[in-house]
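Peer 1: okay, predicted coordinates and the sequence, questions at the end:
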Amino acid sequence: MIAIQAGDPDALSQLYDRYNGIVKALILRIIHNDAEADDLLQEVFLEIWNQAKNFSAQKGKPLGWMITLTRRRAIDALRKRQAYARAEERLRAEPERQPLAWVQNSTAEDISSGDTRALMAKVISSLPEAQQQVIDLAFFRGMSQREIAAHTNIPLGTVKTRLELGLKKIYDSLKELKDEF
Amino acid sequence: MSFEEFQNSARLYVIGALEPDELQDFEGARKQYGAAAEDFINQCYSLHEAFALSLKPAKASAAIKERLMSMVRERSERQSGSPGA
C-alpha cells in the first residue's frame, strides 16, 4: 500500500494479482452478474489507486479497507442500476445457492490459505440459519433492519436480535481465532 | 447506552444496518466512549474481511487487468508530467 500511495503502478498490479479473486467474489455475491462484476472490479481497483492516500495502516489492514470500499461500491451499483428486481429473480432461480453459498469453502487459488477460508466458513456456518439469513441480507444486499423485516416478514425486533446475536458470535469467534495464532 | 449496547450497535454500524434513529444514539455513545469506541469500531471491520474471505474466489477476465493498468499508467504519466516515460 505504501508503494501504491507513492504512485507506483507495479504495486497496484501486484495488489490486483493478489486480491482480484476475493474482490470479484464479493462483487459477484452482491450484484449477481458476471459482466457487471468485471466492470465494477476495474472501477474498484481504480478507486483503490485514486484513494490510496486515504488509507491509514493505523486504522486497519489493507484488505479490510479494500473489502469495505468494494462492498460499498457494489451495493451502490446495485441500487443505482435498480437491479434489485433482477437480482431477486436470479436469487429465486438459484435456490440451492442461497442463502448459504457464501459460507462454502474453496480450494482454488486465493490470497488466503484454504485453512483460513475454511475457518471463516466454519464460523459463519455455525450460526443458526435464521441468523445467517438476516446477516446475508444486511451485508451482501445492504438492507436495513426495516427492509429485512419487510422482505422476510419477520418482526423488526426479531431481525435486530438475530443480527446482534449472529454478528457477536462471528466477532467473538474471530477474536478467539486471532488470539490463538 | 452501556458499552455492551454500544458494542452491539457498532457491529450493526459497520455493516450499515443501523436505522436512522439508532444511528443518532450510536453517535452520542461514540462520543461518550471516545478512543475506546473508535478502537472497537475499527476492530469490528474485521467482520467485513471474514465475510469476504468465506467466499469462493471468482475469476476475472484477463482483459480487465490490462485495461486497468493501461488507465493507471496513463494517469500516472500524466501526473508526473512525463508522457511516454
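Peer 2: Structure's in. What do you need?
Peer 1: state the helix or strand in which the residue of chain A found nearest chain B lies.
Peer 2: Chain A approaches chain B most closely through A:Gly21 (3.1 Å), counting by C-beta to the nearest C-beta. All C-beta spots, glycine's among them, are computed from the backbone N, C-alpha and C. Element membership of A:Gly21 [criterion: DSSP states H and E] is helix A:9-31.
Peer 1: pick out the residue closest to the middle of chain A.
Peer 2: In chain A, the centroid-proximal residue (C-alpha atoms, centre = their mean) is A:Leu26; its distance is 4.6 Å.
Peer 1: could I get the helix or strand A:Arg117 falls within in PDB with only the CA atoms?
Peer 2: If you go by DSSP H and E, A:Arg117 is part of helix A:114-125. Provided in PDB are the C-alpha atoms of helix A:114-125 (Å, rounded to 0.1, in the frame of the first residue of the first chain):
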ATOM      1  CA  GLY A 114      -7.700 -22.800   2.300                       C
ATOM      2  CA  ASP A 115      -7.400 -23.100   6.100                       C
ATOM      3  CA  THR A 116      -8.300 -19.500   6.600                       C
ATOM      4  CA  ARG A 117     -11.300 -19.700   4.400                       C
ATOM      5  CA  ALA A 118     -12.300 -23.000   6.000                       C
ATOM      6  CA  LEU A 119     -12.200 -21.300   9.400                       C
ATOM      7  CA  MET A 120     -14.200 -18.300   8.200                       C
ATOM      8  CA  ALA A 121     -16.700 -20.600   6.600                       C
ATOM      9  CA  LYS A 122     -16.900 -22.700   9.700                       C
ATOM     10  CA  VAL A 123     -17.500 -19.700  11.900                       C
ATOM     11  CA  ILE A 124     -20.300 -18.400   9.800                       C
ATOM     12  CA  SER A 125     -21.900 -21.700   9.000                       C
END
